[in-house]
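Q: got a sequence here, can you model it:
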Amino acid sequence: MTLVSALSAQESSVRLQAALAVGTRADPGLLEALVARCAVEPDFFVRDMLTWALTRLPAELTVPRLVAELGSSVAQARSQALHTLSKVGDGRAWPALTPSLLRDPDDEVARAAWRTAVALVPDGEQEGLAVELAAQLGRGDRNVQLSLSRALVALGGEVVVPVLRRVRADPGMQAHARATEMLLRDPEAGFDAAIEEAKRIVALGPQHADR
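A: Reported below is the predicted structural model:
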């Protein structure tokens, strides 16, 4: 069995070992096989190994190919390409993180885009990114909202707090903004508790924030 065929073997353990072997070999000729497998691989651990294998290849080859993958109609292809770009950490991918990608209708793609954008944002672009991310406050379930809060927190309070305090939309967005600000002040605070407290403050009014 060749390495390429082993990447699509029925047993996940075989695919995992194949991805490890490809990464160890670091053969640029296997770039296409790795990217193609990322789009369809069902096992989390194998996908993680595929990402590691891609990071072992020269960035000048992987970054353009992964950026091209961001236009795929397959959500997993987009999310895995984003995840890998965040691990490669090459700023040349930043222009590809467009507003449409940051607002991708697929939650997993959007979450990956948020993480990647925070990892790659160049100096001077942080506030613009914070504004873009804040526009999606209140989106999705708990996990989606937690991912968005973590992305905003990672940008730092100096940039994020003024943006959060400008949120004047529906109560759900305001509560999420307040909860994110609480996490900025106390990173050890639980997200669920912060959300509930923020909802209470929004419902009662800011004058009750310290009660």
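Q: extract the CA atoms of the helix or strand of the chain with the lowest mean pLDDT and return them as PDB.
A: Least confident helix or strand, the chain: helix 191-204 with a mean of 76, by mean pLDDT, DSSP states H and E. Presented in PDB, the C-alpha positions along helix 191-204 are these (Å, rounded to 0.1, in the frame of the first residue of the first chain):
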ATOM      1  CA  PHE A 191     -18.200  31.600  30.500                       C
ATOM      2  CA  ASP A 192     -21.700  30.400  31.500                       C
ATOM      3  CA  ALA A 193     -21.600  32.400  34.700                       C
ATOM      4  CA  ALA A 194     -20.400  35.500  32.700                       C
ATOM      5  CA  ILE A 195     -23.300  35.100  30.200                       C
ATOM      6  CA  GLU A 196     -25.900  34.700  32.900                       C
ATOM      7  CA  GLU A 197     -24.600  37.800  34.800                       C
ATOM      8  CA  ALA A 198     -24.400  39.800  31.600                       C
ATOM      9  CA  LYS A 199     -28.000  38.900  30.800                       C
ATOM     10  CA  ARG A 200     -29.100  40.100  34.200                       C
ATOM     11  CA  ILE A 201     -27.300  43.400  33.800                       C
ATOM     12  CA  VAL A 202     -28.800  43.900  30.300                       C
ATOM     13  CA  ALA A 203     -32.300  43.100  31.600                       C
ATOM     14  CA  LEU A 204     -32.000  45.400  34.700                       C
END
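Q: buried by neighbour count: which residues of it qualify?
A: Going by neighbour count (16 or more other Cβ atoms under 10 Å), the buried part of helix 191-204 is 191, 194-195, 197-199, 201-202. Where C-beta positions appear, they are placed from N, C-alpha and C, glycine not excepted.
Q: please list the outside residues in contact with it.
A: Defining contact as Cβ atoms under 8 Å, 6 or more residues apart in numbering, one finds that helix 191-204 is touched by 142, 145-146, 149, 171, 174-180, 182-183, 208-209.
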